[in-house]
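Asks: Below are the sequence and a predicted model; questions follow.
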Amino acid sequence: PAPRNEEAKRAGGDLPAQEDDEGADVGESVNAIRADAPEGDAAAEDEVAAEDDDHARGKGRTRRGKALRRTALGLVVVMLLGGAGAALIYRDLVGGIEQKDVGDRLGANRPEKLNKSLNILLIGSDTREGDNAEYAVPGMSGARSDTAILLHLSPNRDQAVGISFPRDSMVKIPECEKDDGGTVPARFGMLNTAFAFAGPTCTWRMLESLTGVHIDHFVQVDFSGFKRMVDALGGVEICVDKPVNDPRAELYLEAGKQTVQGEQALGYVRARYSIGDGSDLERIERQQKFMAAVAEKATDSVLSDPAKTYKFLKAATKSMTTDDELDLSAMRKLADGLRGMSAGQVRFVTVPVERYAPDPNRVQWNQARAKALFEAVRHDNDLPAEPAKPVQPRQAPPSPGKVNVTVVDAGGKDAVVQRVVKQLGKRGYRVAVKVEKGAESPDSRIVYAPPAEGQASALARDVPSALLTADAGTPAGGVRLIIGKNGPRLAPPPINKIGGGVKAGQQKRCE
């Protein structure tokens, strides 16, 4: 056989030598890989408790810890858009990818796979170990994730949708098995705590149970990987509406168009209070735009240059973890089917959410709209249209004395039902004397007609574990509290009197 350099010339000519950050000869490596590329493959050549946002380097560094919300999506999009040639490069890079044995941790009752679409769960980890030690915060250990994106690839691999899940979503988290063999019980809490308690397989299992969508694989990236990937692209162009001066995030930007590199990009996608309205939803939108810019730059300039492609993928695989079934063969097959997809065929959406009445800093999914979205994804149909008008701010919930509650026993223990009735009465709610019987249900819900939304929001403050469910068929004069087998969790009663009487400025100083 001809020498590899001769084969490389026939495949498209020698590549100039290019040193990466570890001194490897990138050009030589890519030439060798290109020699194995199929003839005519032009494409080959051419994102416990949630951490506080207010720690200091510390404050700035910790906030950056959530930077991967959309990073993993950009990584996968770029990798997949690379085509079959990129899949061949994986042969040289796959050793840098850590693979996790999922085993039977996803449970037996998984959603049915209805077609040949592919769904990949993308997770961003804020681990403070290894290369990420510079982001360590005193008193904070382990890895967390407020990043969960479901990347849906159509059966024909001609369309892709990335669905973002806000980290502050209050959801049901199933029982999960930990890597060390222990288990974490089912609970109701913030979406991102699933990863903190039991790792990526728990997030995977949780989202399958919540969405009804069969998920095929997961990809996890940390924020050192994010920085390396942005740097490998030569930076990413962004548009800033107003100047940014954020010492906590160590982020200083002028208004207008500019190119940000790794560390600066990390601060930009993580900044919350210094950019926009300070909400997590606004930050999600900004991060989605950033990832769209990543995909666009990659397809326009990086993936057309094999040496740059290699450098980008090498940066990515240093910080990547996948399930054990997303191996080299699966990557090659996937990439081969995606050769014709362009960045313009990748769409970003966010799961529909609404206010979570017990805590204004949290959100809950809009069940009707979320269900429509997930059904469209399951069947690979067009996504439902956005509502014509945004939801307007609502008035403050009424006091308990103006809330009429009918308790419905849906399988709860008698003692629990009676305790709830008694406690609600003590807190001032107008509770019906008779407890109704309903169809058995595992969960507790607050069911209300739209005109009684204010009453439902008021009750939700005292019964935060109950899911709010709008039902036009429910009488509008009050709300129904459905008590399921698991029973509701009542919020602690308010403290009306505080003992003591110490006042600042009125105490004698120590002599």
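Replies: Everything's here; your move.
Asks: Can you report phi and psi for residue 331?
Replies: Backbone torsions of residue 331, given as degrees, to the nearest 10, read phi -60, psi -40.
Asks: State the number of residues packed around it.
Replies: The tally of other residues near residue 331 (other C-beta atoms under 10 Å) stands at 23. From N, CA and C alone the C-beta is placed, and that goes for glycine too.
Asks: what does residue 185 give?
Replies: 9.
Asks: Let me know whether residue 402 touches residue 455 as I believe.
Replies: Yes - the pair residue 402 / residue 455 is scored as a contact, 7.3 Å apart, by C-beta atoms under 8 Å.
Asks: Among these two, which residue is more densely surrounded?
Replies: Between residue 402 and residue 455, residue 455 has the larger neighbour count (other C-beta under 10 Å), namely 25 against 14.
Asks: Can you give me the distance of the closest residue in space to the more buried one that isn't next to it in sequence to residue 185?
Replies: Leaving out its chain neighbours, the residue that sits closest to residue 455 by C-beta to C-beta, 6 or more residues apart in numbering is residue 403, at 4.4 Å. Applying C-beta to C-beta, to the nearest Å, the value for residue 403 to residue 185 is 31 Å.
Asks: Over to residue 367?
Replies: In terms of C-beta to C-beta, residue 367 sits 24 Å off from residue 185.
Asks: cool, and residue 486?
Replies: In terms of C-beta to C-beta, residue 486 sits 11 Å off from residue 185.
Asks: Tell me where the stretch 201-350 of the chain has strands.
Replies: Applying DSSP state E, counting those that start in this stretch to the stretch 201-350 of the chain gives strands spanning 217-222, 236-240, 244-246, 251-253, 256-260, 320-323, 346-350.
Asks: mind listing what's buried in the last one?
Replies: In this case it means strand 346-350. 346, 348-350 (16 or more other C-beta atoms under 10 Å).
Asks: ok, it: who's next to it in the sheet?
Replies: strand 160-164 (parallel) (DSSP bridges).
Asks: so which helix or strand takes in the residue lying closest to residue 461 once chain neighbours are set aside?
Replies: Once flanking residues are discounted, residue 461 sits nearest to residue 358: 4.9 Å by C-beta to C-beta, 6+ apart. Per DSSP states H and E, residue 358 falls between elements, in no helix or strand.
Asks: same deal with residue 439?
Replies: Judged by DSSP H and E, residue 439 forms part of no helix or strand.
Asks: neighbours around it, how many?
Replies: Residue 439 has 8 neighbouring residues, counting by other C-beta under 10 Å.
Asks: what pLDDT does it get?
Replies: Here, the pLDDT recorded for residue 439 equals 88.
Asks: Please tell me I have it right and it contacts residue 410.
Replies: Yes - between residue 439 and residue 410 there is a contact under C-beta under 8 Å: 6.3 Å.
Asks: Mutual contacts of those two, please.
Replies: Here residue 439 and residue 410 have no joint contacts, going by C-beta atoms under 8 Å, 6 or more residues apart in numbering.
Asks: ok, residue 253 - contacts?
Replies: Counting by C-beta under 8 Å, 6+ apart, residue 253 makes contact with 240, 243-244, 260, 264, 268.
Asks: can you rerun that using 7 Å?
Replies: Applying C-beta atoms under 7 Å, 6 or more residues apart in numbering, we find residue 253 in contact with 240, 243-244.
Asks: Which of the residues you listed ranks first by neighbour count?
Replies: Most neighbours among these, by other C-beta under 10 Å: residue 244, with 17 neighbours.
Asks: Beta-bridge partners for that one, please?
Replies: Here residue 244, judged by DSSP bridges, has bridge partners residue 253.
Asks: wouldn't it be in contact with residue 274 here?
Replies: Yes - the pair residue 244 / residue 274 is scored as a contact, 5.5 Å apart, by C-beta atoms under 7 Å.
Asks: Quick check: neighbours shared by those two?
Replies: Common neighbours of residue 244 and residue 274 (C-beta under 7 Å, 6+ apart) are residue 251.
Asks: As a check, name the ranges of all strands in the stretch 51-200 of the chain.
Replies: Under DSSP E, counting those that start in this stretch, the stretch 51-200 of the chain gives strands at 98-100, 118-125, 147-153, 160-164, 170-173, 176-177, 183-184, 187-190.
Asks: how about those strands, which one is nearest residue 285?
Replies: Closest of the strands of the stretch 51-200 of the chain to residue 285 is strand 160-164, at 8.9 Å (criterion: C-beta to C-beta).
Asks: Next, the angle strand 118-125 makes with the closest one.
Replies: For strand 160-164 against strand 118-125, the angle between stretch directions is 40 degrees (axes from the mean of the first three to the mean of the last three C-alpha atoms, to 10 degrees).
Asks: could you give the angle of strand 160-164 to strand 147-153?
Replies: Using the same axes, to 10 degrees: strand 160-164 against strand 147-153 is 160 degrees.
Asks: Just the CA trace of strand 160-164, in PDB.
Replies: Written as PDB, here are the backbone C-alpha positions of strand 160-164 (Å, rounded to 0.1, in the frame of the first residue of the first chain):
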ATOM      1  CA  ALA A 160     -33.000  19.300  15.300                       C
ATOM      2  CA  VAL A 161     -34.700  20.800  18.300                       C
ATOM      3  CA  GLY A 162     -33.000  21.600  21.600                       C
ATOM      4  CA  ILE A 163     -35.500  21.900  24.500                       C
ATOM      5  CA  SER A 164     -34.200  23.700  27.600                       C
END
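Asks: Show me the contact partners of that strand.
Replies: Applying C-beta under 7 Å, 6+ apart, the set of residues contacting strand 160-164 is 47, 73, 77, 149-153, 284, 288, 341, 345-351, 377, 383.
Asks: buried residues in that strand?
Replies: Quick answer for strand 160-164 (16+ other C-beta under 10 Å): 160-164.
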